[in-house]
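Peer 1: let me see the structure of the following:
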Amino acid sequence: MTTTVFYVRHVPHELQDKVLVGRREGVQLRADAPERLAALRRRFAGERLDAVYASPILRAQETAKAVAGDRGLEIQTREGLNELDVGDWTGLGFAAVQLNPSYKTWNQARSLARVPGGESMLEVQARMIAVLEEIRGAHPGGAVAIVSHGDPIKSALLYLLGLSLDAYGRIEVEPGSISTVLVGDWGAKLLRLNEVVRP
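Peer 2: Below is the predicted model:
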């Protein structure tokens, strides 16, 4: 029996592509968030959804509420869906962190490298798949949305596609996008990758 999983990356925040915010509190969604959230709400209005799961971070929670729409579904928060812990890089601008030698290693060998003071992608992948297995067990034959972040979603998709974490740069998961997979005991099938929903 398969479970349909919609992996949804949160809509853009105010520091998107400028600063590595990681799990930092107080980061607000971008000014165009209401329009982006409304577009996601419309996109999911015609979909069957038995449950909506989300990272504990505010931007994911706000996106999850839009995905849930008027169904009356409670957002089920899972720590395992949290953003990558970027450790010592938290709060650094992308221009600054790119000068760090460890950042080059991080991007060349995602399967082996670890963020200084933070997580490895392997750890992220392990927790994402653990949550997926929990969800799959709770919703056999069902359809669920999982609202998370770019790196965690990519790690899960690479696992489901049977690809190494070092293939990280071969797929794109944009803010506000949906990637849809069927998951069963037999494995997984990717139906849509990086479906970008715009106002």
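
Peer 1: quick one, what contacts Val131?
Peer 2: 53, 78, 80-81, 146 (CB atoms under 8 Å, 6 or more residues apart in numbering). The way it works is simple: take the backbone N, C-alpha and C, and place the C-beta from them, glycine included.

Peer 1: check Trp186 too.
Peer 2: Contacts of Trp186 (CB under 8 Å, 6+ apart): none.

Peer 1: what's the neighbour count on the residue nearest to Glu119 when sequence neighbours are not counted?
Peer 2: Closest residue to Glu119 apart from its sequence neighbours, by CB to CB, 6 or more residues apart in numbering: Asp85 at 4.4 Å. Residues within reach of Asp85, counting by other CB atoms under 10 Å, total 17.

Peer 1: Val181 bridge partners, please.
Peer 2: When assigned by DSSP bridges, Val181 has beta-bridge partners Val5, Leu190.

Peer 1: ok, it touching Thr2?
Peer 2: No: using CB atoms under 8 Å as the test, Val181 is too far from Thr2 to be in contact (9.4 Å).

Peer 1: neighbour count: these two, which is higher?
Peer 2: Neighbours were counted for Val181 and for Thr2 using other CB under 10 Å; Val181 has more, 22 against 17.

Peer 1: quick check: that one vs Lys189, distance?
Peer 2: Separation of Val181 from Lys189 (CB to CB, to the nearest Å) stands at 7 Å.

Peer 1: for Val196, what are its contacts?
Peer 2: 174, 176-177.

Peer 1: where does it land on pLDDT?
Peer 2: For Val196, the model assigns a pLDDT of 95.

Peer 1: Lys104 too?
Peer 2: For Lys104, pLDDT reads 88.

Peer 1: quickly find the element holding the residue nearest to Ala51 when sequence neighbours are not counted.
Peer 2: By the measure of CB to CB, 6+ apart, the closest residue to Ala51 outside its immediate chain neighbours is Val144, 4.7 Å from it. Counting by DSSP states H and E, the element that carries Val144 is strand 143-148.

Peer 1: which helices and strands sit right next to the next helix or strand after that strand?
Peer 2: Going down the chain from strand 143-148, the next helix or strand is helix 150-160, by DSSP H and E. Applying 3 or more CB pairs under 8 Å, 6 or more residues apart in numbering; DSSP states H and E, one finds that helix 150-160 makes contact with strand 3-9, helix 121-138, strand 177-184, strand 187-196.
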